[in-house]
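Trainee: Sequence first, predicted coordinates after that:
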Amino acid sequence: MGKTIVPMSRTELAVLTMICATLATACAGPAARSSATPERTTTPTSPATTAPATARQSVGIRYVAIGASDTVGVGASDPAKGSWPSLVAARLPAGSPPYTNLGVSGSLALQAVTQQLPGAIAQKPDVVSVWLAVNDLNATIEPASFADALGQIVDGLVQKTGATIFVGTVPDLRAVPVYAGVDKARLLAGIEGYNDAIAAIAARSPTRVKVVDLFTGSAALVSTGTVSPDGFHPSDEGYQLIADRFASAMRASGVPLRA
């Protein structure tokens, strides 16, 4: 399903191990963040599964975000308002309920299957964003194993909700400061393997699952001004750029976001 990653040398693996340990410390936080995520509202009176598209839009869009520390907003000056899902949610049409952010700092895709997927399904969403990959990449999880876990999330959403699902790819991380000591060719091979896996998962349900390309032209996403002082997470400017990518993909698929 994805490209096979050439095993890393002991030196390179040690560097990645140090990166993972650093990020685990930086990203540590509670799974539930009542202060960072707006309270959930009750399901609208008219069932979303039976209402026509025009009627569903008249009462707004129910949006749910699945992800890790970048979904939480680590690195933003105000994570509650500055995370990229929050910036996307600010563009939802009038009448939309508060969006639900299920992101968990440090989450791997396999962990999100049990920690985030059930909550997303319970919300009966119209739109779901999924951005999980970099923590798996840092943990040197093979593309096939990553694809299996991510596939469980995406397929579960397809089967148990009526939502359109937007899955973000991995940007070109080679210029991100935290990867300075990692072999760039091996890093790129890993990124490409993961992105191939994401594309293959989306291809299983092309009318429901849309790939958000964060790799093409991603230099702006990893420049000095768009990476936070921790050398890894996006800054406020970086989160804005990521939100713009997701919002553009959503609009292209008919989600009526405001400008």
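Mentor: Arrived safely, thanks for sending.

Trainee: Next one: Ser223 from Asp244, what distance?
Mentor: 15 Å (C-beta to C-beta, to the nearest Å). Where you see a C-beta, it was placed from the backbone N, CA and C, and this is true even at glycine.

Trainee: which residues touch Ala199?
Mentor: 169, 211 (C-beta atoms under 8 Å, 6 or more residues apart in numbering).

Trainee: how much space between it and Asp230?
Mentor: Counting by C-beta to C-beta, the separation of Ala199 from Asp230 is 30 Å.

Trainee: quick one: contacts of the helix or strand Ile66 falls within?
Mentor: Ile66 is part of strand 63-67 when elements are defined by DSSP states H and E. Here strand 63-67 makes contact (C-beta under 8 Å, 6+ apart) with 71, 85, 88-89, 92, 96, 99-103, 107, 112, 116-117, 119-120, 123, 125-132, 153, 163.

Trainee: Tell me the bridge partners for Gly67.
Mentor: Trp131 (DSSP bridges).

Trainee: Count the neighbours of it for me.
Mentor: As a burial measure, Gly67 scores 26 neighbours (other C-beta atoms under 10 Å).

Trainee: Over to Ala94?
Mentor: Counted with other C-beta under 10 Å, Ala94 comes out at 8.

Trainee: Enumerate the positions of the longest helix along the chain that are buried.
Mentor: Criterion DSSP state H: the longest helix present in the chain is helix 184-203. Within helix 184-203, the residues that count as buried by 16 or more other C-beta atoms under 10 Å are 186-187, 189-198, 201-202.

Trainee: and it, how far out from the chain's middle?
Mentor: Mean C-alpha position of helix 184-203 versus that of the full chain (C-alpha atoms, centre = their mean, to the nearest Å) differs by 15 Å.

Trainee: Run through the helices of the stretch 1-150 of the chain in chain order.
Mentor: For the stretch 1-150 of the chain, the helices defined by DSSP state H, counting those that start in this stretch occupy 10-27, 53-58, 69-72, 79-82, 84-89, 109-115, 117-122, 134-138, 143-160.

Trainee: for the very next helix or strand once past the longest helix of the chain, what is the average pLDDT?
Mentor: Where DSSP H and E defines the elements, the next helix or strand beyond helix 184-203 is strand 209-212. Averaged across strand 209-212, pLDDT comes to 98.

Trainee: buried sites along strand 209-212?
Mentor: In strand 209-212, counting by 16+ other C-beta under 10 Å, buried: 209-212.

Trainee: just checking, what packs against that strand?
Mentor: Strand 209-212 sits against strand 164-168, helix 184-203, helix 236-252, with contacts defined as 3 or more C-beta pairs under 8 Å, 6 or more residues apart in numbering; DSSP states H and E.

Trainee: Out of these, flag the one nearest Pro143.
Mentor: For Pro143, the closest of the helices and strands packed on strand 209-212 is helix 184-203, at 3.9 Å, according to C-beta to C-beta.

Trainee: got the angle for that closest one vs helix 143-160?
Mentor: With axes from the mean of the first three to the mean of the last three C-alpha atoms, to 10 degrees as the basis, helix 184-203 and helix 143-160 are set at 20 degrees to each other.

Trainee: can you dump the C-alpha coordinates of stretch 72-92 into PDB?
Mentor: Extracted C-alpha coordinates of stretch 72-92, given in PDB (Å, rounded to 0.1, in the frame of the first residue of the first chain):
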ATOM      1  CA  VAL A  72      -5.100  20.900  19.700                       C
ATOM      2  CA  GLY A  73      -3.200  24.000  18.800                       C
ATOM      3  CA  VAL A  74       0.100  23.500  20.500                       C
ATOM      4  CA  GLY A  75       2.400  26.300  19.400                       C
ATOM      5  CA  ALA A  76      -0.300  28.900  18.900                       C
ATOM      6  CA  SER A  77      -0.400  31.900  21.200                       C
ATOM      7  CA  ASP A  78      -4.100  31.000  22.000                       C
ATOM      8  CA  PRO A  79      -4.700  27.300  21.300                       C
ATOM      9  CA  ALA A  80      -8.400  27.500  21.900                       C
ATOM     10  CA  LYS A  81      -8.800  30.100  19.100                       C
ATOM     11  CA  GLY A  82      -5.600  29.700  17.100                       C
ATOM     12  CA  SER A  83      -5.600  26.000  16.200                       C
ATOM     13  CA  TRP A  84      -6.300  25.300  12.600                       C
ATOM     14  CA  PRO A  85      -9.600  23.500  13.200                       C
ATOM     15  CA  SER A  86     -10.800  26.500  15.300                       C
ATOM     16  CA  LEU A  87      -9.900  28.800  12.400                       C
ATOM     17  CA  VAL A  88     -11.800  26.600  10.000                       C
ATOM     18  CA  ALA A  89     -14.800  26.500  12.400                       C
ATOM     19  CA  ALA A  90     -14.800  30.300  12.500                       C
ATOM     20  CA  ARG A  91     -15.900  30.200   8.900                       C
ATOM     21  CA  LEU A  92     -18.800  27.800   9.300                       C
END
